[in-house]
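Engineer: sharing a sequence plus its predicted fold:
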Amino acid sequence: MAEGRKKEDDSMSKLVMIIDDSLTVRKIMETSLKREGFASVSYSDGIEALRALNDKRHPIPDLVLLDIGLPKMDGYEVARHLKTKQ
């Protein structure tokens, strides 16, 4: 029982950022992550996500789920910007 609680406590402190232009995909991911005890934030494009990070609207995410085929700025470019943000 203690192991199950530890797993839950660990995941509650983790933030996942979802960047995908599909509202359906974002909602499915958010629901699945929430069900497993993870916090998430989602954005429809990379520019919006990078702006949120620059404005410090939330903590730096522990994991980013990133769509490669995004409008405005593709996922590769977003990943390059995120990598330099460390």
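Structural biologist: Cool, the structure landed.
Engineer: contact partners for the closest residue to residue 14 other than its chain neighbours?
Structural biologist: Leaving aside its chain neighbours, residue 14 sits nearest to residue 62 (4.6 Å; criterion: Cβ to Cβ, 6 or more residues apart in numbering). All C-beta atoms are positioned from the backbone trio N, CA, C, and that covers glycine. The contact partners of residue 62, taken as Cβ atoms under 8 Å, 6 or more residues apart in numbering, are 14-16.
Engineer: pull out the buried members of those residues.
Structural biologist: 15-16 (16 or more other Cβ atoms under 10 Å).
Engineer: from the contacts of residue 62, pick the one nearest residue 66.
Structural biologist: Of all these, residue 66 sits closest to residue 16, with 10.9 Å by Cβ to Cβ.
Engineer: list the buried residues of the strand or helix carrying residue 49.
Structural biologist: Using DSSP states H and E, residue 49 sits in helix 46-54. Under the neighbour-count criterion of 16+ other Cβ under 10 Å, helix 46-54 has 46-47, 49-50, 53 buried.
Engineer: JSON lines for these, including distance to residue 72 and pLDDT?
Structural biologist: Formatted as JSON lines, these follow (distance: Cβ to Cβ, whole Å; pLDDT from 0 to 100):
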{"residue": "46", "distance to residue 72": "7", "pLDDT": "95"}
{"residue": "47", "distance to residue 72": "5", "pLDDT": "95"}
{"residue": "49", "distance to residue 72": "11", "pLDDT": "95"}
{"residue": "50", "distance to residue 72": "11", "pLDDT": "95"}
{"residue": "53", "distance to residue 72": "16", "pLDDT": "93"}
